[in-house]
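A.B. asks: Give me a model of this one.
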Amino acid sequence: MFEVAIVDFSEDARWLFLTESVSDLLGFEPRELIGRPGFELVHPDEFSQVKQMHYDTICEDKAAALAYLRLKHKDPFKGYILCAFSRTVVHNVVVGSISFATPGGKALQNASTAQEVEVITPSAKNFELRSSAVVRFITDVVKSYIRPLFSRLPSPFIDTDTSDASSDRSRGKKPAIISFSPLPSQSTRSALILDRFSIHCTVLYCSNDLLLSTTKVLGRSFFDFVTSRTENSVRSWIDVIKSWGVNERGQPSDGGFGFGKFVLLLSGRDSRGENEQDPPLSRRRDARINSRMPSSPRFASHSPGTSRPRQSSTPSTTFDQEIAVDAIFSAHSDGILLILRATSQV
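C.D. replies: Now for the predicted structure:
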């Protein structure tokens, strides 16, 4: 089970958004946690380390970072659950996902695609990638077996830089002085949650208006805001993200992060065919972001562009231009999480 979560920049890391699957993961309903400090769920033995991690995540403007820690279940008999917690700074909030931490190939794949791995809970050391031999093994597998899978995708490449990304904190680094006042806004990223069951990837959530207008994108196909010349590439990546997030039993499993670049069309367009309309959003349970779908591993790709995109200095107010973006893709049981940041070119 994988839930998407958003916390603020405050010292308490208060919950701002939680998808419905938090009830399956930790026993709480979203309404029970929204507005409350996220640190209330952290194991007392790990509180100071997690607070330091939250502070460092913000100050260092981290993206696609992964940590293993314990969170409290609502049922006292279940105690604290070992969880995998991914996080990315998105302007003035931290967006990520929380899932059960289960050892195995998928956990190794997840850790190998993250930009950073932090192990807070001592018993979770087996999730940390430190051995260069393991790193070389993963790189060889990517080159020998995974790269050929992308041979039919438009202009792909696999980023196999899986060097040790573990944080100094998991190695005993002395915590820095923490001061949450003031904390600046960081990269102008936006977070979207897309409907995974729809071939059109309907936008279910948008975190801000920095790149796309929230009121403009909600309920529409995400591909309406992807230029036609890069649409096929993005569809191919999303298809891979969906398919690689399934375990050997066909059940959802954590698969890591995918990275790519493409061009947004800020004004939007009609990308749907005449006979390819989704059912009305209001009539589908996915509108409540309560679907159950698998996760994915990492890839990195460039989309082909016939011309260099024009970059807008004020993308939140100018909706008749194109803008190149770096993207982080990850799939969860509540949808596809997509993090976007403006870049200079594709």
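
A.B. asks: Could you use CA atoms for every contact and neighbour count after this?
C.D. replies: Fine.

A.B. asks: low pLDDT regions in the chain?
C.D. replies: 1-2, 105-106, 127-185, 244-255, 273-320, 345-346 (pLDDT under 70).

A.B. asks: Walk me through the domains of it.
C.D. replies: Split into domains by automatic domain parsing, the chain comes to 2-149, 189-342.

A.B. asks: Put together JSON lines for those, with mean neighbour count on each row.
C.D. replies: Shown next, in JSON lines, are these (neighbours: other Cα atoms under 10 Å):
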{"stretch": "domain 2-149", "mean neighbour count": "19"}
{"stretch": "domain 189-342", "mean neighbour count": "20"}
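
A.B. asks: Can you list the neighbours in contact with stretch 214-227?
C.D. replies: 194, 200-208, 231, 262-272, 281, 322 (Cα atoms under 8 Å, 6 or more residues apart in numbering).

A.B. asks: what's the first-to-last distance across that stretch?
C.D. replies: Stretch 214-227 has its terminal residues 18 Å apart, counting by Cα to Cα, to the nearest Å.

A.B. asks: Now, the contacts of stretch 214-227 that are in strands?
C.D. replies: 194, 203, 204, 205, 206, 262, 263, 264, 265, 322 (DSSP state E).

A.B. asks: Quick check: of those, which lies closest to residue 17?
C.D. replies: Within the ones in strands among the contacts of stretch 214-227, the smallest distance to residue 17 is 10.3 Å, found for residue 205 (Cα to Cα).

A.B. asks: Thought residue 212 was touching the closest one, still the case?
C.D. replies: No: at 11.5 Å, residue 205 does not count as touching residue 212 under the criterion of Cα atoms under 8 Å.

A.B. asks: quick one: the strands in the stretch 1-150 of the chain?
C.D. replies: Remark: strands assigned in the stretch 1-150 of the chain by DSSP state E, counting those that start in this stretch are 2-8, 15-18, 65-72, 80-90, 93-100, 116-119.

A.B. asks: possible to save the ones you listed as a markdown table with distance to residue 58?
C.D. replies: Below are the strands of the stretch 1-150 of the chain laid out as a markdown table (distance: least, Cα to Cα, whole Å):
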| stretch | distance to residue 58 |
| --- | --- |
| strand 2-8 | 10 |
| strand 15-18 | 15 |
| strand 65-72 | 11 |
| strand 80-90 | 6 |
| strand 93-100 | 8 |
| strand 116-119 | 14 |
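
A.B. asks: Name the stretch from those that approaches residue 336 most closely.
C.D. replies: That would be strand 2-8 among the strands of the stretch 1-150 of the chain, by Cα to Cα, at 9.4 Å.

A.B. asks: Contacts for the closest one, please.
C.D. replies: Residues from elsewhere that reach strand 2-8 (Cα under 8 Å, 6+ apart): 13-22, 25, 38, 92-100, 254, 332-334, 337.

A.B. asks: Make TSV from the ones in strands among the contacts of stretch 214-227 and add distance to residue 83 to it.
C.D. replies: TSV is the format used below for the ones in strands among the contacts of stretch 214-227 (distance: Cα to Cα, whole Å):
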residue	distance to residue 83
194	23
203	27
204	25
205	24
206	25
262	32
263	34
264	34
265	37
322	39
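
A.B. asks: Greatest separation within the residues you listed: which pair is it?
C.D. replies: Top of the distance list for the ones in strands among the contacts of stretch 214-227 (Cα to Cα): 204 and 322, 22.1 Å.

A.B. asks: give the contact list for the residue nearest to residue 187 when sequence neighbours are not counted.
C.D. replies: Nearest residue to residue 187, sequence neighbours excluded (Cα to Cα, 6 or more residues apart in numbering): residue 91, at 5.2 Å. Counting by Cα under 8 Å, 6+ apart, residue 91 touches 185, 186, 187, 188, 189, 190.

A.B. asks: Tell me which of the strands of the stretch 1-150 of the chain sits nearest to residue 343.
C.D. replies: strand 80-90 (14.8 Å).

A.B. asks: elements contacting that closest one?
C.D. replies: Contact analysis of strand 80-90 by 3 or more Cα pairs under 8 Å, 6 or more residues apart in numbering; DSSP states H and E lists helix 47-59, strand 65-72, strand 93-100, strand 189-194 as its packing neighbours.

A.B. asks: mind checking which of the strands of the stretch 1-150 of the chain is nearest residue 107?
C.D. replies: When these are compared (using Cα to Cα), the closest one is strand 80-90, at 9.1 Å.

A.B. asks: follow-up on the earlier one: how about the helices and strands packed on strand 80-90, which one is nearest residue 344?
C.D. replies: When these are compared by Cα to Cα, strand 189-194 sits nearest residue 344, at 14.0 Å.

A.B. asks: Starting from that closest one, tell me which strands it pairs with and how they run.
C.D. replies: Neighbouring strands of strand 189-194 in its sheet, by DSSP bridges, are strand 203-206 (antiparallel), strand 335-342 (antiparallel).

A.B. asks: Minimum distance to residue 119: which of these has it?
C.D. replies: Nearest to residue 119, of those and by Cα to Cα, is strand 335-342 at 23.0 Å.

A.B. asks: The stretch 201-346 of the chain: helices as residue ranges?
C.D. replies: 214-217, 228-243 (DSSP state H, counting those that start in this stretch).

A.B. asks: can you tell which of those helices is closest to residue 65?
C.D. replies: Checked against Cα to Cα, the stretch from those lying closest is helix 228-243, at 17.9 Å.

A.B. asks: Show me what the closest one packs onto, helices and strands only.
C.D. replies: Helix 228-243 sits against strand 258-265, strand 322-332, with contacts defined as 3+ Cα pairs under 8 Å, 6+ apart.
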